[in-house]
Each structure stands twice: as structure tokens, then as C-alpha cells.
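In: My questions are about this predicted structure, shown below with the sequence.
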Amino acid sequence: MLLINDNVAALGAENNLDSTDTALSSVVGQLSSGLQIQTAADNPAGYSIAQSLQAEINGYGAAESNAQTAVSVLQTAQGAMNQQEAILQQANTLATQAANTTTAGSGGAADQQEFQSLIAQLDQIAQSTTYAGVSLLNSATGVLTFQVGPTDVANDVVAVNLADTTSASLNVSGLNISTVGGAQAAMASVQAAITSLASSAAALGSSQNQIQALSNNVTVAQQNLTSAHADLVDVNVAQATSQFTSLQILEQSGISVLAQAQQLPQLALKLI
């Protein structure tokens, strides 16, 4: 039906063109941002899920960083304890030599001076070994807590007991090897200290292995969540590009049809 006052065909073509333009703008936004969900209006349910996934991903990322820091801390402590073990081994050798009656006497004072120097080195390492200002080998800290997971549950937290490796705590302070009896007593004390220090180092090694295992799990979980987040949020470029091409063609067609529809009332004039 040809009408003069109302051009229904043109209105229909205009509505279709508006819809096409809206869809085309959405696809352009997806391609330019790389995201198929840019705002909550794009996909309310998907947006909510994506935000939850992103929070978990961020949590895993921070936990991974914490785990690596924890490993560095324990490696620092273990490196210092290795030096202390070497010092105690030297002290044990010196005390064993001094316990021999034929070598005691005039050399006793010199042996004692060297022995005291070794014990002083032991304390110097214990007092100076720190990480970011935190003492690791004396009684000042005691326990370190590492958040190596994204939640506050017990499995995501590792508490590490730090050993006090000062000479007083290892019971090697105040020893005197200038006499045979003193050297023999020193041997027993130093050997006990070596055993204690080795046990503490082994405990740190176990904690480091535990943290490294948790770190590996965190890394895998973060990768899986990131993949899920990408599937939900990231745009499928091939699909969006195909849709973009189709909508371009449809928009051009819509403009052409609208232009022709706007000419329909003029055809009615030819009947007058």
C-alpha cells in the first residue's frame, strides 16, 4: 500500500538499520578491546563469574610470589647455617687435636684463641643473617608464617620454626680447650651442636620442599583459572571478524534500502 503521511516501510528499514548499527558497534568494541565481556551489561552472569575468577587468579599470583619469597628466605638461612656447620667442624677438629696429651701445653693458649675466634664467627653469622630486616638465626623472630595459597585455610599457610644458632643456644659458648680435659668436654659439646644444627637445617629443607610443592600446585591452578577466564571473557577473533564483515554488509544494505524506502511516498504522487 502506497501512503503519503506514514512511511511504514521506511520506519521498518530504519529500525533494522539501528539494530544492525548497535550490533556492529558491539563487535567493533570487542575487536578493539579483545574482550567479549567489557561491562556487566554485555553478559551479567558471565561478568560476575569473570570477576570471581579474576579475584582467584590474582590471589594465586600473590601466593606464588609469597612462595618464591619464602624459598629465598629459607635458602638464605640454610646458606648461613652451612657456613656455621663448616665452622663447627673446624672447631671440632681443633678440640680433637687439643685433647691429645702430647700436643697440649705451650700450644694450648694458641688453640684456645683460635677456638674462641671460631665461636665468635659462629655468633657473627647468627646475628647478621637477615632477610628484609628480619633476623633468621637468633631468638628475635622464632616463627615465620608464609601465605602460599589464595585462601585463609590452614593448607594455604606454612609456618616455619627458625632455629636459634647462636653459640649460647648451641651450648658451645665459654668452652676452653687449653687443657686436655677442657678439650675433651669441648669435643662433646661441639659434636652435639653439629648434630643439632644439622637437624635444624634438615627441618628448613623439608619446609622449603613443602613450599616448593605448594608453589607448583599454585602455578598449575593459576594457569587453569586463567584459561577458564580467557574462554569466558576474551573475544573469539575469527568469529568476531566474520560477524563484523557480515554486519558491515548488512549495514550498507540497510542504508541503501532505507534510502529507497524514503522515496516511496513520491511514487504515490504519480497516481494523483
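Out: Looks like it came in fine.

In: How about the spatially most central residue of the chain, nearest residue that isn't a chain neighbour?
Out: For the chain, the residue nearest the mean C-alpha position is residue 64 (2.0 Å; CA atoms, centre = their mean). In space, and not counting its chain neighbours, residue 64 is closest to residue 218: 5.1 Å by CB to CB, 6 or more residues apart in numbering. Any C-beta I mention is one placed from the backbone N, CA and C, and that applies to glycine too.

In: Am I right that the one you found sits in a helix?
Out: Yes - counting by DSSP: H, G, I helix; E, B strand; the rest coil, residue 218 is part of a helix.

In: which other helices and strands contact the helix or strand that contains residue 225?
Out: Element membership for residue 225 (DSSP states H and E) is helix 180-233. Applying 3 or more CB pairs under 8 Å, 6 or more residues apart in numbering; DSSP states H and E, one finds that helix 180-233 contacts helix 44-98, strand 157-161.

In: picking up where we left off before, would you enumerate the residues in contact with the residue nearest to residue 64?
Out: Listed by CB atoms under 8 Å, 6 or more residues apart in numbering, the contact set of residue 218 reads 60, 63, 64, 67, 148, 149, 150.

In: State the mean pLDDT of the helix holding residue 225.
Out: Mean pLDDT, helix 180-233: 92.

In: how big is the angle separating that helix from helix 44-98?
Out: 170 degrees (axes from the mean of the first three to the mean of the last three CA atoms, to 10 degrees).

In: i'd like the first residue to be 35 from this point on
Out: Taking 35 as the first residue, the last one we looked at is helix 214-267.

In: Could you work out the most separated pair of the contacts of residue 252?
Out: Spatial extent of those (CB to CB) is set by the pair 101 and 184 at 11.5 Å.

In: So which of the two has more stuff around it?
Out: Higher neighbour count among residue 101 and residue 184: residue 101, with 24 against 21, using other CB atoms under 10 Å.

In: Need the nearest residue in space to the more buried one, chain neighbours excluded.
Out: In space, residue 101 comes closest to residue 249 once its chain neighbours are excluded; the distance is 3.7 Å by CB to CB, 6+ apart.
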